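J.: Make a model of this:
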Amino acid sequence: MLCKAVTWLNINPESTNINAGETANIEMIFDTWDMLEGSYFCNIIVIGNTNNVLTIPVSLIVDEAVGVIDLDNNNDDVIIYPNPFTNKTIIYFSLKKTQNVQLDIFNMNGKKVISLIDNGELIKGSHSFIWKGNNSQNTILPNGIYMYSLTTDRKYTSKILLKR
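T.: Just a heads-up that it's a prediction; the model follows:
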């Protein structure tokens with residue numbers, strides 16, 4: 001395996017031999033220390049014994065940390081609680097001014113599964129929306145990692161883990 005040197009991805013082991021019919025675990029460690037918010041990309045190149053090449057794209061989205069905040073002070077931060085969740089999770093956020101808001105949930109393939117707020121105008125202050133792990137047809141979704149995207153005058157994106 002080869003990966004052009006990037007500081008944010010470590011692969012262990014860097015190389016290994018696997019016989020036909022066998023499997024091996026490869027650990028990928030993402031290090032976002034001192035990275036700016038944004039999207040980062042690289043490719044992992046796997047070269048077989050017959051020099052056949054397999055390219056595995058890797059993408060990393062660095063977002064601000066999600067944590068405990070005081071919504072009453074009108075911070076523009078997001079809280080997802082509980083996360084992971086089994087039946088429902090609540091997305092909390094606060095707006096400093098009245099504005100249009102878009103809140104979408106995506107699967108890990110990037111497909112939108114539901115819009116919780118579809119470009120609606122929300123007033124200044126604290127808001128919360130419940131997501132029950134369903135799609136727009138109200139079908140219960142399978143376990144997995146989903147992404148929320150909250151667009152105000154800023155954009156927030158992070159993971160939500162559904163474990164039923």
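
J.: Okay, now the unreliable bits of the chain?
T.: Filtered on pLDDT under 70, the chain yields the residue ranges 1-4, 63-76.

J.: From K159, how far out is the residue of it most remote from its centre?
T.: Within the chain, the residue lying farthest from the chain centre (C-alpha atoms, centre = their mean) is T50, at 36.3 Å. Separation of T50 from K159 (C-beta to C-beta, to the nearest Å): 38 Å. For the C-beta atoms, the positions are set from N, CA and C on the backbone; glycine is no exception.

J.: same deal with N107?
T.: Taking C-beta to C-beta, one finds N107 at 11 Å from K159.

J.: How is this protein divided into domains?
T.: 2-62, 71-162 (automatic domain parsing).

J.: returning to that earlier point: tell me which element the residue farthest from the centre of the chain falls in.
T.: In the assignment (DSSP states H and E), T50 maps to no helix and no strand.

J.: now swap in the one 4 residues further on and tell me
T.: Secondary structure from DSSP H and E places L54 in strand 53-62.

J.: ok, now I114?
T.: I114 belongs to strand 112-122, assigned by DSSP H and E.

J.: just to revisit the earlier point, in whichever helix or strand comes after the strand holding L54, what's buried?
T.: Per DSSP H and E, the first helix or strand lying C-terminal to strand 53-62 is strand 78-81. By 16 or more other C-beta atoms under 10 Å, the buried positions in strand 78-81 come out as V78, I79, I80.

J.: What of stretch 125-138?
T.: For stretch 125-138, using 16+ other C-beta under 10 Å, the buried residues are H127, W131, G133.

J.: And stretch 46-60, by the same measure?
T.: Applying 16+ other C-beta under 10 Å to stretch 46-60 flags V58, L60 as buried.

J.: what's next to that stretch, contact-wise?
T.: With contact meaning C-beta atoms under 8 Å, 6 or more residues apart in numbering, stretch 46-60 is reached by 1-3, 8-9, 28, 30, 32, 39-45.

J.: and which of those is nearest P142?
T.: M28 (23.2 Å; C-beta to C-beta).

J.: Sheet-wise, list the partners of the strand holding I114 with their directions.
T.: Partner strands for strand 112-122, per DSSP bridges, with pairing direction: strand 99-106 (antiparallel).

J.: Let's see the strand it pairs with as PDB, backbone CA atoms only.
T.: Extracted in PDB, the C-alpha atoms of strand 99-106 (Å, rounded to 0.1, in the frame of the first residue of the first chain):
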ATOM      1  CA  GLN A  99     -32.500  34.000   9.300                       C
ATOM      2  CA  ASN A 100     -33.200  31.200   6.800                       C
ATOM      3  CA  VAL A 101     -32.100  27.800   8.000                       C
ATOM      4  CA  GLN A 102     -31.600  24.400   6.200                       C
ATOM      5  CA  LEU A 103     -31.200  21.300   8.300                       C
ATOM      6  CA  ASP A 104     -30.600  18.000   6.400                       C
ATOM      7  CA  ILE A 105     -29.500  14.500   7.300                       C
ATOM      8  CA  PHE A 106     -27.400  12.500   4.900                       C
END
